[in-house]
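A.B. asks: just need the structure, nothing else, for what follows:
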Amino acid sequence: MKKKLLIVFITLCLTVAAISGTIISAYADSTETGLNINAKSALLMDYDTGTVVFSKNEREHMPIASMVKIMTLLLVMEEIDQGRLSVEETVCASENAASMGGSQAFLDAHSDYAVNELIKSIVVGSANDSCVALAEHICGNVDSFVVKMNEKAKALGMEDTYFVNCTGLPAAGQYCCAHDVALMTRELISHERFFDYSKIWMFDFAHPSGRTTQLSNTNKLIRAYEGCEGGKTGFTNEAKYCLSATAKRGNTRLISVVCGAESSKVRNAQNAALFNYGFANYETKQLVAGGIPLQDDIKVSGGKEDFIKAVPAEDRFVFVKKGESVSAESVVHVGEVCAPVKKGDEIGVLKVTGGDGAVLCEVPLISDREVKKSTYLDIVDDFIAMW
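C.D. replies: Numbering: from 1, shown residues only. Below you'll find the model as predicted:
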């Protein structure tokens, strides 16, 4: 691609506060929001932009009980996405896995279970034994899996987290915070597969021996709160009652985290209060529509076709306080495009700037089609057609 650029200006008038890909903190306390969260710590975050709109003791180190399983599930989802794990393959439950206490699916040692059912038992029933079985299957042992958990935490910018196990069962030296719980929840729910499990209310977990274990969703907000589509609960005597949940209304998806509530009833009420505040005071608008071709044609040199369309590779959103407004301008930068071009090849960038000229986001532009290189006969035919 040569340096020659095609520049197209598109002016938009939008309510702009933050753009996806940049985590912007907009912390508000109870005096500003009217929220009085009855828990040790809490946080409310916009999913698309990572904007934090409320927090309480969000960096305080504390046990988070089974919310540790958010990271366990995230690593499992990544293994599936990368083709190293299939939901259809089976896992042989070890004696170590079957010996786990607390919430469990009551796995039979030395029995085979489908990955899909193990994931379901973790998301719905918070099964400790299923976590250990998958950790051992993926890494050979739990300790190696925990190393991966901490590596992923570091990559996500979770600076106030250290994992010791994959279940959240009480363990010396293990800690997290509400802010970091929100970060790993945001990453987990970026995997759409998670929602295939998180909306299940109840199911019978079948064992190879023929018996079943009935598991019900520990996150009661999926039925009690409009728009709640999933999350992960936690409880130990030390951590108290915890919940990281996500809810969506219209284009706005929020993540609420509550740690250290005195009861499940209080925990659920505090998460609902956070959601209520977020949906009442903020909204999400789409700034860039991924997959929708831009209007102007892009010239292709030396191809069987003369033009292609530039397509934004992904959606981008703005998360705004209701009533606020600022203009935004989009500029298309495309270099000279020469055949051959494959559908999906990156050909430029869409840059969005705010009224002050600051760059809000940049989105890759890709080709909407394949254009093969002209052959000698194509050139001759074009030449003849000109006569």
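A.B. asks: centroid residue for the chain?
C.D. replies: Per C-alpha atoms, centre = their mean, the C-alpha nearest to the average position across the chain is that of Ser190, at 2.4 Å.
A.B. asks: would you list the phi and psi of that one?
C.D. replies: Phi and psi for Ser190, reported as degrees, to the nearest 10, are phi -70, psi -10.
A.B. asks: need the CA coordinates for stretch 246-253. CSV is fine.
C.D. replies: Extracted in CSV, the C-alpha atoms of stretch 246-253 (Å, rounded to 0.1, in the frame of the first residue of the first chain):
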residue,chain,number,x,y,z
THR,A,246,-24.3,-8.1,33.7
ALA,A,247,-27.5,-6.6,32.4
LYS,A,248,-28.4,-5.1,29.1
ARG,A,249,-31.2,-2.7,28.1
GLY,A,250,-31.3,-1.4,24.6
ASN,A,251,-27.7,-0.8,23.5
THR,A,252,-26.4,-0.3,27.0
ARG,A,253,-24.7,-3.2,28.8
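A.B. asks: any idea how far that stretch is from the chain center?
C.D. replies: Centroid separation between stretch 246-253 and its chain, computed with C-alpha atoms, centre = their mean, to the nearest Å, is 13 Å.
A.B. asks: what packs against the longest helix along the chain?
C.D. replies: Secondary structure of the chain per DSSP state H: the longest helix is helix 264-281. Packing partners of helix 264-281 (3 or more C-beta pairs under 8 Å, 6 or more residues apart in numbering; DSSP states H and E): strand 41-46, strand 52-56, helix 221-224, strand 228-236, strand 240-249, strand 252-261. Any C-beta I mention is one placed from the backbone N, CA and C, and that applies to glycine too.
A.B. asks: and the angle from that helix to strand 41-46?
C.D. replies: Per axes from the mean of the first three to the mean of the last three C-alpha atoms, to 10 degrees, the angle that helix 264-281 makes with strand 41-46 is 40 degrees.
A.B. asks: tell me the buried residues in stretch 266-283?
C.D. replies: Neighbour counts over stretch 266-283 (16 or more other C-beta atoms under 10 Å) mark 266-275, 277-279, 281-283 as buried.
A.B. asks: pLDDT weak spots in the chain?
C.D. replies: Residue ranges of the chain with pLDDT under 70: 1-32, 326-327, 376-387.
A.B. asks: which stretches of it form helices?
C.D. replies: With helices called from DSSP H, the chain shows them at 30-33, 69-81, 95-98, 115-125, 128-139, 142-155, 178-188, 193-198, 221-224, 264-281, 376-385.
A.B. asks: which residues sit against the longest one?
C.D. replies: For helix 264-281, the surrounding residues in contact (C-beta atoms under 8 Å, 6 or more residues apart in numbering) are 33-35, 37-39, 42, 44, 46, 53-54, 220-221, 224-225, 227-228, 231, 233, 235, 241-243, 245, 247, 249, 252, 254, 256, 258, 261, 321-322.
A.B. asks: buried ones only from these, please, as a ChimeraX command.
C.D. replies: In ChimeraX, this line selects whichever of the contacts of helix 264-281 come out buried by 16+ other C-beta under 10 Å:
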select :33,35,37,39,42,44,46,53,54,220,221,225,227,228,231,233,235,241,242,243,245,247,252,254,256,258,261
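A.B. asks: about what we covered before: dump the helices and strands packed on helix 264-281 into JSON lines; add distance to Val91 as well.
C.D. replies: As requested, these are exported to JSON lines (distance: least, C-beta to C-beta, whole Å):
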{"stretch": "strand 41-46", "distance to Val91": "33"}
{"stretch": "strand 52-56", "distance to Val91": "37"}
{"stretch": "helix 221-224", "distance to Val91": "26"}
{"stretch": "strand 228-236", "distance to Val91": "21"}
{"stretch": "strand 240-249", "distance to Val91": "26"}
{"stretch": "strand 252-261", "distance to Val91": "30"}
